[in-house]
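> Below are the sequence and a predicted model; questions follow.
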Amino acid sequence: MQKRELHIMPPDMVVKAATIALGMLALFLFIAALSELRAFRYIGTGVPATNTITVTGMGEVFAVPDLATFSVSVREEALEVADAQETAADKMNTIIAYLQQQGVEEKDIKTVSYNVYPRYEWQQAPCPADSRICPPGKSVMTGFEVHQTISVKVRDTERAGDLLSGVGSRGASDVSGLTFTTDDDDALRAEARALAIEDARGKAAELANSLNVRLVRIVGFHESDYGYPPMPYAYGMGGDMMVRSEAAMKAPELPVGENKIVSNVSVTYEIR
């Protein structure tokens, strides 16, 4: 029977192995602790701040309008719906052709509504001469009404008045809702917002200095913006105006003025 030899690791190798094991354990614990700290950092950002200040800021931007928009409507009545549609279509096609001849692009002419309505009138039955009680009346359909409305964008605002008169002499029933705006409102609103934020930042710094506190981070933000376009202009048609010649119709003068874009912001800061 053979005897097995027992090999005992030298003491210095045991120390080295233990040192390596302890080093790896320490490294593992350090990495784990670092991960926990990082996680805590992100978790902590979701904790509501207890000490805060809120400031408001306002920014204003002024711009000369470069776009005029108005609506044109045609309203026709007839006993038969097809007749009403045909007459309305002829007038609207004439108006659209005129606008395009005057340089209004096809993309700037848009149908916003097209409706066909039956028309009714209340007819009272005649009362018998020998009776104090009159028979009830009834609603009787008398024909149909076609109503079509288009919106028009005019990129040369100086020509808006001439176009209003031009469409009126070509059978428009109503011309209304004229407004002057800017084609790129988003850029103006962004500019007004930047001014409002800068205004709020300055107020926050001044307030923090007065309170002897330090601004840490933004924990809340709210914005409201609005504009002040010129009042809409209504140019009604109807009656004698529909049969007047274009030469007799004087184009209205329409000053475009300035539009004001205002941005109001509210910013909440955490303080320490």
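It's in. Residues are numbered from 1 along each chain as shown.
> What is the subsequent helix or strand relative to the helix or strand of the chain with the lowest mean pLDDT?
Every helix and strand of the chain was ranked by mean pLDDT, DSSP states H and E. The lowest is strand 233-236, at a mean of 47. Downstream of strand 233-236, the first helix or strand assigned by DSSP states H and E is strand 259-271.
> mind listing the strands in the chain by residue range?
With DSSP state E as the criterion, the chain has strands at 52-63, 67-78, 109-123, 138-154, 174-181, 215-228, 233-236, 259-271.
> And those strands: which comes nearest Lys203?
Closest to Lys203 of the strands of the chain is strand 52-63 (Cβ to Cβ; 4.4 Å). In short, each C-beta sits where N, CA and C put it, glycine included.
> List the buried residues of that closest one.
By neighbour count on 16 or more other Cβ atoms under 10 Å, the buried set for strand 52-63 is 53, 55, 57, 59, 61, 63.
> for that strand, packing partners?
helix 185-211, strand 215-228, strand 259-271 (3 or more Cβ pairs under 8 Å, 6 or more residues apart in numbering; DSSP states H and E).
> partners of the last one, with directions?
Right, strand 259-271. Paired strands of strand 259-271, with direction, are strand 52-63 (antiparallel), strand 215-228 (antiparallel) (DSSP bridges).
> Mind putting these into TSV with mean pLDDT and distance to Pro135?
Shown next, in TSV, are these (pLDDT from 0 to 100; distance: least, Cβ to Cβ, whole Å):
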stretch	mean pLDDT	distance to Pro135
strand 52-63	94	66
strand 215-228	85	58
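> for those, which one sits closest to Glu206?
strand 52-63 (9.0 Å).
> From the rest of the structure, what touches that closest one?
The contact list for strand 52-63 (Cβ atoms under 8 Å, 6 or more residues apart in numbering) reads 182, 188, 191-204, 207-208, 211, 213, 219-220, 258-271.
> Filter these down to the buried ones and hand me the PyMOL line.
Command for PyMOL that selects the buried part of those, burial taken from 16+ other Cβ under 10 Å:
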select buried, resi 182+188+191+192+193+195+196+197+199+200+201+204+207+208+259+261+262+263+264+265+267+268+269+270+271
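> that older thread, closest one to Glu121 among the strands paired with strand 259-271?
With Cβ to Cβ as the criterion, Glu121 lies closest to strand 215-228 of these, at 44.8 Å.
> any idea of the angle that closest one forms with strand 174-181?
150 degrees (axes from the mean of the first three to the mean of the last three Cα atoms, to 10 degrees).
> Hmm, Ile150 is touching Ala88, no?
No: counting by Cβ atoms under 8 Å, Ile150 stays clear of Ala88, with 11.7 Å between them.
> out of those two, which sits in the busier spot?
Ala88 (24 against 21; other Cβ atoms under 10 Å).
> tell me the contacts of Ser266?
Ser266 is in contact with 54-56, 200, 220-223, counting by Cβ under 8 Å, 6+ apart.
> Please name the residues that touch Lys91.
With Cβ under 8 Å, 6+ apart, Lys91 has these contacts: 74, 76, 170-172.
> again, 10 Å this time
74-76, 148, 167, 170-173 (Cβ atoms under 10 Å, 6 or more residues apart in numbering).
> again, but for Ala97
Contacts of Ala97 by Cβ under 10 Å, 6+ apart are Arg170.
> State the mean pLDDT of stretch 176-187.
Average pLDDT, stretch 176-187: 87.
> Make JSON lines out of the strands of the chain and add distance to Leu99.
Below are the strands of the chain laid out as JSON lines (distance: least, Cβ to Cβ, whole Å):
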{"stretch": "strand 52-63", "distance to Leu99": "26"}
{"stretch": "strand 67-78", "distance to Leu99": "8"}
{"stretch": "strand 109-123", "distance to Leu99": "6"}
{"stretch": "strand 138-154", "distance to Leu99": "6"}
{"stretch": "strand 174-181", "distance to Leu99": "12"}
{"stretch": "strand 215-228", "distance to Leu99": "26"}
{"stretch": "strand 233-236", "distance to Leu99": "15"}
{"stretch": "strand 259-271", "distance to Leu99": "24"}
